[in-house]
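Colleague: let's see this in three dimensions:
(one chain, ligands or ions: 1)
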Amino acid sequence: MVPINGKTTREVKIGKLMVGGENPVIVQSMTNTDTRDVEATLGQIRRLAKAGCELVRVAVPDQEAAKALEKIVKNSSLPVVADIHFDYRLALAAIEAGVVKLRINPGNIGSSERVQTIVHAAQAHKVAIRVGVNAGSLHRRHLEQAGGDIVQAMLLGAEEQIRLLTAEGFDQIVVSLKSSDVIQTVQACRQFAARWDFPLHLGVTEAGASWRGAIRSAVGLGILLNQGIGDTIRVSLTGDPVKEVMAAYEILKALHLRERGPVIISCPTCGRCQIELEKLVEAVEELASGVPYPLHLAVMGCVVNGPGEASRADLGIAGGKGEGLIFREGRILRKEKEENLISAFKEELGSLITEKFEKD
Ligand code: SF4
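Modeller: Numbers count the residues shown, from 1 in each chain. Below you'll find the model as predicted:
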């Protein structure tokens, strides 16, 4: 990312992925299966990969999970990050298992010798480390030093963690500063980006469930990404992590930072709508869900704004009274009864994809 101050972050290698600098913003998620259940975890990783996730984090709470990690890493279609707290032996086991990155908090690993041991193993295996602070678990010392200012305490915490790693000559560091408060997250990341050039992993922590969490994340991440701040993102949502990946791409697509699959626009409907638009939108979303191409699809309720918007789309529907028009790139293709609209749209979508993307 190139922030508005023109300063790019340094590049960090995470397995085969390059993060930071002018590389695209990477979409991450985290499994919520029991890591000890290898099949369930791999199954979720496959679903995440299909949705476009590029890096997956897995919690490693005990040795049994660390053991399972070996099989997970070996069979995962995505590079795996191990999330470790407190026990440095778990971090060493995760490195041995072949993870590409560790998420640790050096402050809760214990003695500096233990942190050193992890860092040296990470160096030897070319494993990156993400450090970071969460506003919910700040060190009392940092809070006191910052006079109770949460954002400043977050910065102090992150800076201390960075110093612990850089003191060992380690620089493959990604940093996160997360709060469940959107403004605190934005301020902390902004101030961090002004002082340091380590890549930033963005997230609004404990954002919430479904649309509420997605909105909170979109506001926080959207502000930062639009200023060129942020190299990887996770949209934290309660529930199926596949939704996190879908929400992450909607944010990145809205900011023209990444392309993945169609952008679908639909009108909110009003008293002019004489067609069951919600059903049509759901059906179009379903049709588009497996499409990897950057198409612009529109589903509009009536002839007032409908044809205009639909005609600007690659493919669109403009509803009428119990019927609808299908447009392609500004041209009316066909007029269909409401009950036939989706099957007709599906046909036209298929032809459009073949002609535009799959000709050879
Ligand atoms: S496109 Fe038509 S139905 Fe949809 S909100 Fe606009 S005026 Fe209402």
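
Colleague: any low-confidence regions in the stretch 201-350 of the chain?
Modeller: Scanning the stretch 201-350 of the chain for pLDDT under 70 picks out 207.

Colleague: residues in it within reach of the ligand, list them.
Modeller: Counting by C-beta under 6 Å from any ligand atom, the stretch 201-350 of the chain comes close to the ligand at Cys267, Pro268, Thr269, Cys270, Arg272, Cys273, Met300, Gly301, Cys302, Val304, Asn305, Gly306. Every C-beta, even on glycine, is put in place using the N, C-alpha and C of the backbone.

Colleague: could you redo the last one with a cut-off of 5 Å?
Modeller: Cys267, Cys270, Arg272, Cys273, Met300, Gly301, Cys302, Val304, Asn305, Gly306 (C-beta under 5 Å from any ligand atom).

Colleague: just the buried members of the residues you listed?
Modeller: Buried residues within these, defined by neighbour count using 16 or more other C-beta atoms under 10 Å: Cys267, Cys273, Met300, Gly301, Cys302, Gly306.

Colleague: which of those residues fall within helices?
Modeller: Gly306 (DSSP state H).

Colleague: compile the buried ones among the residues of the stretch 201-350 of the chain next to the ligand into CSV and extend it with columns for distance to Ser217.
Modeller: Listed next are these as CSV, based on distance: C-beta to C-beta, whole Å:
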residue, distance to Ser217
Cys267, 25
Cys273, 30
Met300, 28
Gly301, 29
Cys302, 33
Gly306, 31
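
Colleague: sec struct for the closest residue to the ligand within the stretch 101-250 of the chain, please.
Modeller: Nearest to the ligand in the stretch 101-250 of the chain, going by C-beta to the nearest ligand atom, is Trp211, at a distance of 19.9 Å. Under DSSP: H, G, I helix; E, B strand; the rest coil, Trp211 falls in the helix class.

Colleague: distance of it from Leu69?
Modeller: Distance, Trp211 to Leu69, using C-beta to C-beta, to the nearest Å: 33 Å.

Colleague: those two: who's more crowded?
Modeller: Regarding Trp211 and Leu69, a neighbour count based on other C-beta atoms under 10 Å identifies Leu69 as having more, with 26 against 12.

Colleague: can you show me the helices along the stretch 1-150 of the chain?
Modeller: Using DSSP state H, counting those that start in this stretch, the helices assigned to the stretch 1-150 of the chain run over residues 38-51, 63-75, 88-97, 112-124, 140-145, 150-166.

Colleague: what does the helix or strand containing Ile317 rub up against?
Modeller: Taking DSSP states H and E as the criterion, Ile317 maps to strand 315-319. The contact list for strand 315-319, computed with C-beta atoms under 8 Å, 6 or more residues apart in numbering, reads 273-275, 277, 280, 284, 295, 297-303, 306-307, 309-311, 324-329, 338, 341, 345, 348-349, 352.
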